[in-house]
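S.K.: make a model of this:
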Amino acid sequence: MTELYKKKGICIWCSRSSNETSFLTKPHTIPKKLNAHKIGFDICDQCNKYFGSDNNEEKIKYSIDKITKEIFNVHRFLLSNKKDSNSWKKFKSQFFNYYHSKNALKIKIDYRKNIGFEEAFTKKFKRGIYNIFLQEYHRNTENGLDAQFDEIRNFVRYDIGDLPLYHLKNRTGIRLTEDLDMPLEFSFNQHVQSIIDRYGFYHMTLKGLNFFIAVNQKAFENIDNYLIPECKYLMGSGFVFNKLIEIKKISQIDFTIQDWS
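M.R.: Prediction:
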């Protein structure tokens, strides 16, 4: 069988070559249930399977892809203008309940009883965001094997260490979003690459949610020089954005649905 999904012939996650592993499985760089159809390469079959498979030996058994899809599908539902008093009947979520009468989204009680669940869930979501970044970066530039991304590899593939996820929060009731049914697109043009090279940050906009991720060590030296000034610029008068936070729990993301009905 022809090995279709490789260019460098080395997996961007585990660094094994085509002599040691196979590249036969189609790797979606973004979970396809998010209406994304981008196909990557240099992601070996074992790593590709890891991201999409549940693991009963982990604190949160659910896969990185499943958790990532869940968060954005919930967010898309909340952004819909078609919600009414019967919307809860249509709302389907592995992890959350939706209460229209209270304008509330809550983690299901069985999970809330599980000590440490939200923190572990949040970490897997962060790993999912960094997963999307490196796969899309490599698909666009073919440079995902660069040593500057070794910490991302350790964090995402092997759950070693931790990396920050910064969130630029929207002002309550204000949402600027792309068409929710449009495929996700990420830019890696010359300007974006220069920001990565100089400051170590990448700005991701996902279905109206704005994140900044630290893609290399330079980011930790440039929080005051780049991240804070950039977010102050984006916040401007505070009409759309009003706060930059580092995500520690998933409930910190803009799941505040006051004024959304």
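S.K.: please enumerate the strands of this structure.
M.R.: Per DSSP state E, the chain carries strands over the ranges 96-99, 104-107, 165-170, 201-206, 209-214, 241-246.
S.K.: which one of those lies nearest to residue 5?
M.R.: Ranking these by proximity to residue 5 (C-beta to C-beta) places strand 201-206 first, at 23.6 Å. Just so you know, the C-beta spots here come from the backbone N, C-alpha and C atoms, and that holds for glycine as well.
S.K.: just checking, what packs against the closest one?
M.R.: Identification of packing neighbours for strand 201-206 by 3 or more C-beta pairs under 8 Å, 6 or more residues apart in numbering; DSSP states H and E yields helix 117-141, helix 190-199, strand 209-214.
S.K.: partners of that strand in the sheet?
M.R.: Partners of strand 201-206 in the sheet, by DSSP bridges, are strand 209-214 (antiparallel).
S.K.: a markdown table for the strands of the chain, including distance to residue 135 and mean pLDDT?
M.R.: What follows is those, written out as a markdown table (distance: least, C-beta to C-beta, whole Å; pLDDT from 0 to 100):
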| stretch | distance to residue 135 | mean pLDDT |
| --- | --- | --- |
| strand 96-99 | 26 | 79 |
| strand 104-107 | 28 | 74 |
| strand 165-170 | 17 | 90 |
| strand 201-206 | 13 | 92 |
| strand 209-214 | 13 | 93 |
| strand 241-246 | 23 | 88 |
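S.K.: turn these into CSV, including mean neighbour count.
M.R.: Supplementary listing: those in CSV, determined by neighbours: other C-beta atoms under 10 Å:
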stretch, mean neighbour count
strand 96-99, 17
strand 104-107, 17
strand 165-170, 20
strand 201-206, 19
strand 209-214, 20
strand 241-246, 14
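S.K.: got TSV for those, with distance to residue 132 too?
M.R.: TSV is the format used below for the strands of the chain (distance: least, C-beta to C-beta, whole Å):
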stretch	distance to residue 132
strand 96-99	21
strand 104-107	23
strand 165-170	12
strand 201-206	8
strand 209-214	10
strand 241-246	19
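S.K.: which of the helices and strands packed on strand 201-206 sits closest to residue 222?
M.R.: Distances from residue 222 to each of the helices and strands packed on strand 201-206 were compared by C-beta to C-beta, and the smallest falls on helix 190-199, at 4.3 Å.
S.K.: turn the helices and strands packed on strand 201-206 into a markdown table, including distance to residue 56.
M.R.: Conversion of the helices and strands packed on strand 201-206 to a markdown table gives the following (distance: least, C-beta to C-beta, whole Å):
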| stretch | distance to residue 56 |
| --- | --- |
| helix 117-141 | 14 |
| helix 190-199 | 37 |
| strand 209-214 | 29 |
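S.K.: which one of these lies nearest to residue 224?
M.R.: Go through the helices and strands packed on strand 201-206 one by one with C-beta to C-beta and the one that ends up closest to residue 224 is helix 190-199, at 10.9 Å.
S.K.: the closest one packs against which elements?
M.R.: Contacts of helix 190-199 with other secondary structure elements, assessed using 3+ C-beta pairs under 8 Å, 6+ apart, are made with strand 201-206.
S.K.: hmm, who's touching the strand it packs on?
M.R.: Contacts to strand 201-206, defined as C-beta atoms under 8 Å, 6 or more residues apart in numbering, come from residues 72, 129, 132-133, 178, 184, 186, 192, 195-196, 210-215, 219, 222, 226-227, 230.
S.K.: repeat for stretch 233-248
M.R.: Counting contacts by C-beta under 8 Å, 6+ apart, the residues outside stretch 233-248 that touch it are 119, 122, 126, 164-171, 174, 176, 210, 227-228, 231, 252-253.
S.K.: which regions of the stretch 151-261 of the chain sit below the pLDDT cut-off?
M.R.: Confidence mapping of the stretch 151-261 of the chain against pLDDT under 70 gives the ranges 172-183, 237-239, 254-261.
S.K.: ok, 90 please
M.R.: When residues are selected by pLDDT under 90, those of the stretch 151-261 of the chain lie in 169-186, 205-210, 234-243, 249-261.
S.K.: contacting residues around residue 198?
M.R.: Residue 198 is in contact with 218, 222, 226, counting by C-beta under 8 Å, 6+ apart.
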